[in-house]
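Chemist: The sequence isn't on hand, but the structure is:
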């Protein structure tokens, strides 16, 4: 049995879950998300209806075992997202590199001849506590991670001076530059 898949998902207070066939939907203070569960996997109520959700599989086939743990993780992420939300923090390193919130989107100056206007996708909000820090927030974990990756891809950190956009705490392996011939 999958160690992750067999664990029940607790439903916190303030979150409403609906189960209709292969459709799992959750609504909470941070938003609304839904998941279409693949056919052999079933999502149902746990011991107490409304308190926990349990993911089950019909047999021990390899594909069903893999889907079991995946589905349970997706359900848990949806429940956590609508109750608490997710965030990713990005740091900008470089002289003159900065970010600011403009409307609901971002305006980035990353050393190009132009500024980059990045509109916020639906369900995502940006926070810029200072000019070199960007916080991406949202209820959908996949969308938050994807949006942070798109912003990082505008100017990934380079290995010689370390300039660029990086995740908070990301280690950038530095290379030695050219040395003069003696």
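Modeler: On my side now, so go ahead. In this text the structure is predicted, and so the values were computed from the model without any measurement.
Chemist: On the strand side of things, show who residue 105 bridges to.
Modeler: Beta-bridge partners for residue 105, by DSSP bridges, are residue 102.
Chemist: which ones are touching it?
Modeler: If a contact means Cβ atoms under 8 Å, 6 or more residues apart in numbering, then residue 105 has 117-120, 126 as its contacts. Heads up, the C-betas are built off the backbone N, CA and C, glycines and all.
Chemist: Let me know the average pLDDT across the longest helix anywhere in the chain.
Modeler: In the chain, taking DSSP state H as the definition, the longest helix is helix 62-83. In this model, helix 62-83 carries a mean pLDDT of 94.
Chemist: report the angle between the axes of the next helix or strand after it and helix 62-83?
Modeler: Proceeding C-terminally, helix 62-83 gives way to strand 86-93 as the next helix or strand, assigned by DSSP states H and E. Using axes from the mean of the first three to the mean of the last three Cα atoms, to 10 degrees, the inter-axis angle of strand 86-93 relative to helix 62-83 is 80 degrees.
Chemist: List the strands paired with strand 86-93, with their directions.
Modeler: Partners of strand 86-93 in the sheet, by DSSP bridges, are strand 133-138 (antiparallel), strand 164-167 (antiparallel).
Chemist: Would you format those as TSV with mean pLDDT and distance to residue 106 included?
Modeler: Below are the strands paired with strand 86-93 laid out as TSV (pLDDT from 0 to 100; distance: least, Cβ to Cβ, whole Å):
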stretch	mean pLDDT	distance to residue 106
strand 133-138	97	7
strand 164-167	96	11
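Chemist: Can you add distance to residue 3 and mean neighbour count and give those strands back as TSV?
Modeler: Listed next are those as TSV, based on distance: least, Cβ to Cβ, whole Å; neighbours: other Cβ atoms under 10 Å:
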stretch	distance to residue 3	mean neighbour count
strand 133-138	28	21
strand 164-167	28	19
